[in-house]
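1. Pasting the sequence and the predicted coordinates here, then a few questions.
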Amino acid sequence: MKKILEVRNLSKTHGHGCPKCVSSTGPDFDTNVCPHCGSIVAAHDVSFDLHEGEILGIMGESGSGKSTVVKTLFFDDKPSSGKASFHQQTQTHDLFSLNPAEQRWLRNHCFGMVYQNPNLGLNFNVSAGGNIAERLLMNDLSHYGEIRQRARELLARTEVLSNRMDESPKQFSGGMQQRVQIAKALATRPPLLFLDEVTTGLDLSVQARILDLILEIQQELKTAMIVVTHDLGVIRLLAGRTIVMKYGRVIEAGLTDQVLEDPQHAYTQRLVASAL
Ligand SMILES: Nc1ncnc2c1ncn2[C@@H]1O[C@H](COP(=O)(O)OP(=O)(O)OP(=O)(O)O)[C@@H](O)[C@H]1O
């Protein structure tokens, strides 16, 4: 399988930082807050590869730095250092040195994002169909009939009744809002999709249906995905490979089966045991 994304030594510190930030934080110190300057080391030295059509899980407790990794790759936040190369057909984009226009182009054409909070991914001032239309318009599709047809197909694919496409997602349940977000993210058939705690807070049965939908889509469209979650069940179901983070550091990485069946790090052992 071809590599679609290579992330090397990605680091993000909130605050001014000092020479002791890295050596005084992390799992060994049980904190990501530098005792010398108070800066927060949200992520340090995170490296991984993602292949075409693969689902990579990023697992860890709240505050471990999972979202930070995804936010920097999706340009919602700036890294402090590191490198990320996105390979698209014959081109390679050096993600952290792109200008804002280039970042927008990649977000609109090659990436999709589904947030835990639908407020971040959806525009509640327009209809569900309108949300999808917005993304298609940014992707150079402009024929009204075609846009409506494509929106209808996408909503049907994500099991949102097409007779509700003209309603605002504000009137939808949490599960339906996530489905609209997924439809919107997929509108441009992006090769890379980021999913940040997309089922957190939903009823178990709703969670299960959304996870099934994500798997079906991945198999159908061969979309590569990075799935951020604190939920072992989500990792087990979706991710072929997993990295485990704690206090901004990757403490374990490997095939999901190996990580969950035979965790090497005491923290992962505890996470796995607590989910049994
Ligand atoms: N804008 C910010 N300013 C200061 N600290 C921040 C900021 N954003 C995140 N952090 C801190 O960075 C650390 C990592 O946050 P991040 O959101 O990546 O964690 P997470 O593992 O995704 O947790 P959660 O699931 O709760 O979002 C946390 O300690 C968080 O408080």
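-> Arrived safely. All of these numbers come straight from a predicted model, not from anything done at the bench.

2. Would you map the strands across the protein?
-> With DSSP state E, the ranges of strands along the chain come out as 3-14, 40-51, 55-59, 81-88, 91-94, 111-114, 192-196, 224-229, 241-246, 249-255.

3. max-length helix in the chain?
-> With secondary structure taken from DSSP state H, the chain has its longest helix at helix 204-221.

4. Please report the distance of the closest residue in space to V206 that isn't next to it in sequence from the ligand.
-> Residue nearest to V206 in three dimensions, not counting chain neighbours: G175, with 3.8 Å by C-beta to C-beta, 6 or more residues apart in numbering. Every residue, glycine included, has its C-beta placed from N, CA and C. Applying C-beta to the nearest ligand atom, to the nearest Å, the value for G175 to the ligand is 20 Å.

5. Next one: G175 from M165, what distance?
-> G175 is 16 Å from M165, where distance means C-beta to C-beta, to the nearest Å.

6. One more: T31?
-> Distance, T31 to M165, using C-beta to C-beta: 48 Å.

7. more neighbours, the two?
-> Each of T31 and M165 has its neighbours counted (other C-beta atoms under 10 Å); M165 has more, 22 against 16.

8. Verify the contact between that one and L155 for me.
-> Yes - taking contacts as C-beta atoms under 8 Å, M165 lies within contact range of L155: 5.4 Å.

9. Show me the common contact partners of these two, please.
-> 128-129 (C-beta atoms under 8 Å, 6 or more residues apart in numbering).

10. how about the residues of the stretch 51-200 of the chain near the ligand?
-> By C-beta under 6 Å from any ligand atom, the residues of the stretch 51-200 of the chain that approach the ligand are 60, 62-68, 197.

11. any chance of the residues you listed in a markdown table, with neighbour count and pLDDT too?
-> Shown next, in a markdown table, are these (neighbours: other C-beta atoms under 10 Å; pLDDT from 0 to 100):
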| residue | neighbour count | pLDDT |
| --- | --- | --- |
| G60 | 25 | 92 |
| S62 | 8 | 89 |
| G63 | 17 | 92 |
| S64 | 26 | 95 |
| G65 | 25 | 96 |
| K66 | 28 | 95 |
| S67 | 22 | 95 |
| T68 | 26 | 97 |
| E197 | 20 | 90 |
